[in-house]
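Enquirer: Pasting the sequence and the predicted coordinates here, then a few questions.
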Amino acid sequence: RKKLVGKYHVRKMASWTARVVKSASRLGGRFRRGYAEEASAFSLTFATPTKVFCKESSVKQVDVPTFSGHLGILREHVPTIAMLQPGVIVVHGEKEQKYFVSSGSVSVNTDSSVQIVAEEACAIEDIDIQLVQQGLEKAVKQLASAGDEQSKAESQIAVDFHEALIQSVKA
């Protein structure tokens, strides 16, 4: 493969880009996407196996932590499925609400509706920082004394979880 350097290659890329744009315009705008309107709302459902936080609530934005990075989801977001990592979900509705999630999944659908299913979640204001710090100390001790690979992995997950909890409360 040649590097894209020099006038020839720049012209070739410009020509290719023009063809793509021209062929996309022939689609009649069926797949056209643009920037989300500032005040557009969409439907959000957010739940765990034991509790429903939002059921088809109308929100303007939701920010979610995923293993591929943080997503800021607005109306008409590209349809997506992603795995949640431990962190804070921020729901921008009538008022801003923050929740800590341990894991789960998020799906953004073609109709702009969003579903978040978390293994565990709680409102940030419900987190007791002293209990979390005690849990972190315990997890660090277990990690230091872990003998086999499975124990080390489980202890590391506990450490990561507690550290994420502490970060969410401090943020």
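Expert: Perfect, thanks for sending it.
Enquirer: which residues of this structure score low on pLDDT?
Expert: Filtered on pLDDT under 70, the chain yields the residue ranges 1-39.
Enquirer: What strands flank the longest strand along it, and is each parallel or antiparallel?
Expert: When the chain is parsed with DSSP state E, its longest strand is strand 52-59. If you go by DSSP bridges, strand 52-59 pairs up with strand 42-47 (antiparallel).
Enquirer: The nearest residue to Ile127 once chain neighbours are set aside: neighbour count?
Expert: If the residues on either side of it in the chain are set aside, Ile127 comes closest to Val169, at 5.3 Å by Cβ to Cβ, 6 or more residues apart in numbering. For every residue, glycine as well, the C-beta is placed using N, CA and C. Residues lying near Val169 (other Cβ atoms under 10 Å) number 17.
Enquirer: For Val169, give me its contacts.
Expert: If a contact means Cβ atoms under 8 Å, 6 or more residues apart in numbering, then Val169 has Ile124, Ile127, Ile129, Val132 as its contacts.
Enquirer: Make CSV from the residues you listed and add neighbour count, distance to Ser68 and secondary structure to it.
Expert: Rendered in CSV, the data for the contacts of Val169 read as follows (neighbours: other Cβ atoms under 10 Å; distance: Cβ to Cβ, whole Å; DSSP: H, G, I helix; E, B strand; the rest coil):
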residue, neighbour count, distance to Ser68, secondary structure
Ile124, 16, 23, helix
Ile127, 14, 25, coil
Ile129, 11, 29, helix
Val132, 19, 26, helix
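Enquirer: Nearest to Ser43 among those residues?
Expert: Ranked by distance to Ser43 (Cβ to Cβ), these are led by Ile124 at 23.0 Å.
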